[in-house]
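Novice: Build the 3D model from these lines:
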Amino acid sequence: MHTLPAPHRDPVAVSGVRESFPVALTRAIDRSGMSLEQLQRRLSVHEVKVSLSTLSYWRRGRTRPERPDSLRAVTIIEEVLGLPPGYLISLLGPRKPRGRWASRSSAKSHEALWDGASALSPLLAELDDPGPGELTFLSVREQHFLDHEGRDNRTVVHAVVRSEVDWRRTCVVLHRAEPTDRALPDITALSGCALGKARTHEPGRFVLSEILLDRVLRIGDTAAFSYEVQWHGSVASTNFVRAMRQCAREYLLEVVFHPDAVPSSCRQFRRESSRLPEVDHGELHLGAYNSAHLLTHDEKSAIVGIRWTW
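Specialist: Have a look, this model is predicted:
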């Protein structure tokens, strides 16, 4: 059993500086010798379910527990880590003001976007993934290119983000290969960014990569960056899908077909989540230069895409 010597019940250090919730939680976990996975399992014994990404956010101060079920989880964490009752709760103080942070409530879970995404929590906990609402995607433009046999070739992504918190330097992008692809996709930084840590989940065909912005952002700062995804398709593709936890203010998707493999028709669609059916949003014009596009503004659907028929 992992327990800790009981700290002083007053959460004020000897220096007179009040200890913060993330610092106290991190110290308690480190002193216990537990990993986040072990702490999660101990919580489950008490019938408390908290994702690894949530525990990681709490530990790093990206988000804070506020809902009743989250506060109950904190009381169990105090018990599991051998802390005095109410020690961590007392460090939370009043709820944070709303405003831009209210957008957190609209963020979709990874599980709502991707089948099998629950397995990604341990990987996301290892990356500097922004908490919900910490970054606003003002604009995302994607150009998806297919080769002469209609296979997925590459996707170029241009994004403009605004930080809603201080000291934000990274975001995490997630891409998923098709089951028939020869290999997982390769991600390359193009401009305004560099690649940080990366993780893969071969069973689910996922690639997760940190994008390191060109500077540390303060509240209200914006950054523009571009990267490329190289696909390894083995069969002709029939669709391209973008799943977004928080939809971009403006999203442009352009699918560019090779002159030797032009579809007969293209249609756009939306989905509220991976568990719900597609909703057709009409046919798209296929231009003289073999491309079709869709444009959204403040789109509410978490999943948007283009589907085509050969």
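Novice: any weak-confidence spans in the stretch 101-250 of the chain?
Specialist: Within the stretch 101-250 of the chain, the stretches with pLDDT under 70 are 101-113.
Novice: all strands in it, in order from the N-terminus.
Specialist: Here the stretch 101-250 of the chain has its strands, by DSSP state E, counting those that start in this stretch, at 135-146, 152-163, 168-176, 186-191, 193-201, 206-217, 222-230, 239-243, 250-256.
Novice: Indicate which one of the ones you listed is closest to residue 278.
Specialist: Ranking the strands of the stretch 101-250 of the chain by their distance to residue 278 (criterion: C-beta to C-beta) puts strand 239-243 first, at 9.5 Å. To be clear about C-beta, it is placed using only N, CA and C from the backbone, and glycine gets the same treatment.
Novice: contact partners of that closest one?
Specialist: Identification of contacts with strand 239-243 by C-beta atoms under 8 Å, 6 or more residues apart in numbering yields 113-114, 140, 142, 144, 152, 155, 251, 253, 255, 274, 302-308.
Novice: repeat that with 10 Å
Specialist: With C-beta atoms under 10 Å, 6 or more residues apart in numbering as the test, strand 239-243 has contacts from 108, 110, 112-114, 117, 140, 142, 144, 146, 152, 155, 157, 174-176, 178, 248, 251, 253-255, 266-267, 269, 271, 273-274, 278, 294, 296, 299, 301-308.
Novice: quick revisit: could I get the strands of the stretch 101-250 of the chain in a markdown table, plus columns for distance to residue 290 and mean neighbour count?
Specialist: Formatted as a markdown table, the entries for those read as follows, by distance: least, C-beta to C-beta, whole Å; neighbours: other C-beta atoms under 10 Å:
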| stretch | distance to residue 290 | mean neighbour count |
| --- | --- | --- |
| strand 135-146 | 9 | 18 |
| strand 152-163 | 13 | 20 |
| strand 168-176 | 24 | 20 |
| strand 186-191 | 23 | 14 |
| strand 193-201 | 29 | 16 |
| strand 206-217 | 28 | 19 |
| strand 222-230 | 20 | 17 |
| strand 239-243 | 15 | 19 |
| strand 250-256 | 7 | 19 |
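Novice: can you put the ones you listed in CSV and add distance to residue 55?
Specialist: Written out in CSV, the entries for the strands of the stretch 101-250 of the chain read as follows (distance: least, C-beta to C-beta, whole Å):
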stretch, distance to residue 55
strand 135-146, 20
strand 152-163, 23
strand 168-176, 17
strand 186-191, 27
strand 193-201, 17
strand 206-217, 18
strand 222-230, 28
strand 239-243, 24
strand 250-256, 31
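Novice: Looking at these, spot the one closest to residue 38.
Specialist: Across the strands of the stretch 101-250 of the chain, residue 38 has its closest neighbour in strand 193-201 (19.8 Å, C-beta to C-beta).
Novice: Would you agree residue 229 is in contact with residue 181?
Specialist: No - using C-beta atoms under 10 Å, residue 229 makes no contact with residue 181, being 11.7 Å away.
Novice: list the residues that contact both of these two?
Specialist: Taking C-beta under 10 Å, 6+ apart as the contact rule, the neighbours common to residue 229 and residue 181 are residue 152.
Novice: now the helices: where do they sit in the protein?
Specialist: Read by DSSP state H, the chain holds these helices, from start to end of the chain: 21-32, 36-45, 52-60, 68-80, 87-90, 110-113, 121-125.
Novice: Could you tell me the least trusted of the ones you listed?
Specialist: Out of the helices of the chain, the stretch the model trusts least by mean pLDDT is helix 110-113, with a mean of 66.
Novice: Residue 129 is in contact with residue 171, correct?
Specialist: Yes - contact between residue 171 and residue 129 holds when scored by C-beta under 10 Å: they sit 7.8 Å apart.
Novice: Next, show the common contact partners of those two.
Specialist: Between them, residue 171 and residue 129 have residue 210 as joint contacts when contacts are counted by C-beta under 10 Å, 6+ apart.
Novice: picking up where we left off before, quick one, which of the strands of the stretch 101-250 of the chain gets closest to residue 32.
Specialist: strand 193-201 (25.0 Å).
Novice: packing partners for the closest one?
Specialist: For strand 193-201, the packing partners by 3 or more C-beta pairs under 10 Å, 6 or more residues apart in numbering; DSSP states H and E come out as helix 121-125, strand 168-176, strand 186-191, strand 206-217, strand 222-230.
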